[in-house]
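>>> Would you be able to build a 3D model of this:
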Amino acid sequence: MNKIFLILVLAGVPLSVTGSLLHWPTVMMFGVYCVTIIALAGYMGRATESLAVISGPRIGGLLNATFGNAVELIISIFALKAGLIGVVLASLTGSVLGNLLLVAGLSFFVGGIKFKRQKFNVFDARHNSGLLMFAIIVAFVIPEVFAQEMDEAATMTMSLGVSGILIALYLFALFFKLVTHRGVYQHEEGNGEHAHEEEPEWSKGKALLILAASTAAVAYVSESLVHTFEEVGSTFGWSDLFIGVIIVAIVGNAAEHASAIIMAYKNKMDIAVEIAVGSTLQIAMFVAPVLVFISLFFETSMPLVFTLPELVAMVSAVLVTIIISNDGETNWFEGLTLLAAYFIMGIGFYLL
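So this is what the prediction gives:
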């Protein structure tokens, strides 16, 4: 797999540069850009996995989530610059659904095939459940309800206020988990997770260098990818909603997809769950609000107001995930249940 990713990067990056300069067919280049970003995300995933081994499960999971979401953030900024507000909001929705249902579902399913019963920190699960309820059900639903009675200016002002509160609470949540209550809620029974017994694939310096180079390459390819959305959508009959929710979200979150599944297969469920749920919280409480503020610098600003199908899908995903994960253990059937929910929603967004 590593050799395949190396070949895809060595071929994909030059092809992306050449194709964008020579204006090769848009649909073909869309495929090249997507594959190249996924391959680069694979390297970002390997680099962050090495850093996770060095740093421990909580910080490692946070690093995986952060650099997995870096791809999503980069693509979204270029989409904002192009005025594709609907695609950006849809991609945020897709990230929430993809992380909670697809990534967690695949992780639980793959890990559950190898191990009959997998455990993770129940205290972290309950802490994350409260934040998910707040971020998605309170902070996303309330603006949509109030926006019905507001003009555009008032809606944008409210979005900025909500975004500021979300960012502040996210930073306090990190402070709570990593500083004031670090190690307070340990998993008493354990789950065979000994992060420091494993040797990292790369040294800290090499991992950081590869991470920086991959992120820079992703930024270049992402800008080209955004310019293909309109023509690809009209060619295949895809709406902006479907492109954002399914295509951009899967491509943008490829790094943590791979990392979480690998961790689950190794029975490192604390890291796998931290990647899936932690990434969702980071999207909802940090990436989305930051994009609202960044949009002020472009021609069209983006309010934090989602469509009704997007909100219903995200709330449903949160409730299903909380019910399944709140006991601190999982199996392959629970993973399959999350995957089934993802595919049901995918059908709905495709047909809209």
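
>>> And the longest helix seen in the chain, what's buried?
In the chain, taking DSSP state H as the definition, the longest helix is helix 26-55. Neighbour counts over helix 26-55 (16 or more other CB atoms under 10 Å) mark 29-30, 32-55 as buried. No exception for glycine: its C-beta is placed from N, CA and C like everyone else's.

>>> So which elements touch it?
Where contact means 3 or more CB pairs under 8 Å, 6 or more residues apart in numbering; DSSP states H and E, helix 26-55 is packed against helix 2-22, helix 57-81, helix 204-226, helix 229-236, helix 249-252, helix 254-265.

>>> for the fifth one, packing partners?
Using 3+ CB pairs under 8 Å, 6+ apart as the contact criterion, the neighbours of helix 249-252 among helices and strands are helix 26-55, helix 57-81, helix 85-97.

>>> what pLDDT, on average, does it get?
Helix 249-252 carries an average pLDDT of 80.

>>> Output it as CSV - backbone C-alpha positions only.
Extracted in CSV, the C-alpha atoms of helix 249-252 (Å, rounded to 0.1, in the frame of the first residue of the first chain):
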residue,chain,number,x,y,z
ALA,A,249,-15.8,15.2,2.3
ILE,A,250,-14.3,11.8,1.3
VAL,A,251,-11.4,13.3,-0.5
GLY,A,252,-10.7,15.8,2.2
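
>>> who touches it?
For helix 249-252, contacts defined as CB atoms under 8 Å, 6 or more residues apart in numbering pick out 34, 37-38, 69, 71-72, 75-76, 91, 93-95, 97-98, 102, 225, 257.

>>> average pLDDT for stretch 172-182?
Taken as a whole, stretch 172-182 carries a mean pLDDT of 82.

>>> Now find how far off-centre it is within its chain.
In terms of CA atoms, centre = their mean, to the nearest Å, the centre of stretch 172-182 is set 21 Å apart from its chain centre.

>>> Tyr43 contacts Leu8, doesn't it?
No - counting by CB atoms under 8 Å, no contact exists between Tyr43 and Leu8, whose distance comes to 10.0 Å.

>>> Quick check: buried residues in stretch 212-227?
By 16+ other CB under 10 Å, the buried positions in stretch 212-227 come out as 214-215, 217-227.

>>> Stretch 78-96 now?
Neighbour count says stretch 78-96 has 78-82, 84-96 buried, by 16+ other CB under 10 Å.

>>> again with stretch 169-182
For stretch 169-182, the buried set under the neighbour-count rule, 16+ other CB under 10 Å, comprises Leu169, Tyr170, Ala173, Leu174, Lys177.

>>> how far out from the middle of the chain is that stretch?
Distance, centroid of stretch 169-182 to centroid of chain: 20 Å (CA atoms, centre = their mean).

>>> these two touch, right, Ile261 and Phe108?
No - look at Ile261 against Phe108 with CB under 8 Å: they stay out of range, at 9.8 Å.

>>> Who has more neighbours out of those two?
Phe108 (30 against 20; other CB atoms under 10 Å).

>>> Surely the more buried one is in contact with Val277?
No - look at Phe108 against Val277 with CB under 8 Å: they stay out of range, at 11.9 Å.

>>> quick revisit: out of the helices and strands packed on helix 26-55, deepest packed?
Most buried of the helices and strands packed on helix 26-55, by mean neighbour count (mean count of other CB atoms under 10 Å): helix 254-265, with a mean of 27.

>>> quick one: the helix or strand just after that one to chain centroid distance?
Helices and strands here follow DSSP states H and E; after helix 254-265, the next one along the chain is helix 269-282. Its chain's average C-alpha position is 9 Å from that of helix 269-282, according to CA atoms, centre = their mean.

>>> what pLDDT, on average, does helix 269-282 get?
Taken as a whole, helix 269-282 has a mean pLDDT of 87.

>>> angle of the longest helix of the chain against helix 2-22?
In terms of direction (axes from the mean of the first three to the mean of the last three CA atoms, to 10 degrees), helix 26-55 departs from helix 2-22 by 140 degrees.

>>> hang on, isn't Val221 packed against Val35?
No - applying CB under 8 Å as the test, Val221 and Val35 come out as separate, 9.9 Å apart.

>>> what residues do the two have in common as contacts?
Gly12.

>>> follow-up on the earlier one: where among the helices and strands packed on helix 249-252 is the average confidence lowest?
Ranked on mean pLDDT, the bottom entry among the helices and strands packed on helix 249-252 is helix 57-81, at a mean of 77.

>>> which helices and strands sit right next to it?
Partner elements for helix 57-81 (3+ CB pairs under 8 Å, 6+ apart): helix 26-55, helix 85-97, helix 204-226, helix 249-252, helix 254-265, helix 269-282, helix 288-294.

>>> Can you say which of these is nearest to Phe146?
helix 288-294 (15.3 Å; CB to CB).

>>> Spatially nearest residue to Ser76 (excluding sequence neighbours)?
Closest residue to Ser76 apart from its sequence neighbours, by CB to CB, 6 or more residues apart in numbering: Val88 at 4.9 Å.
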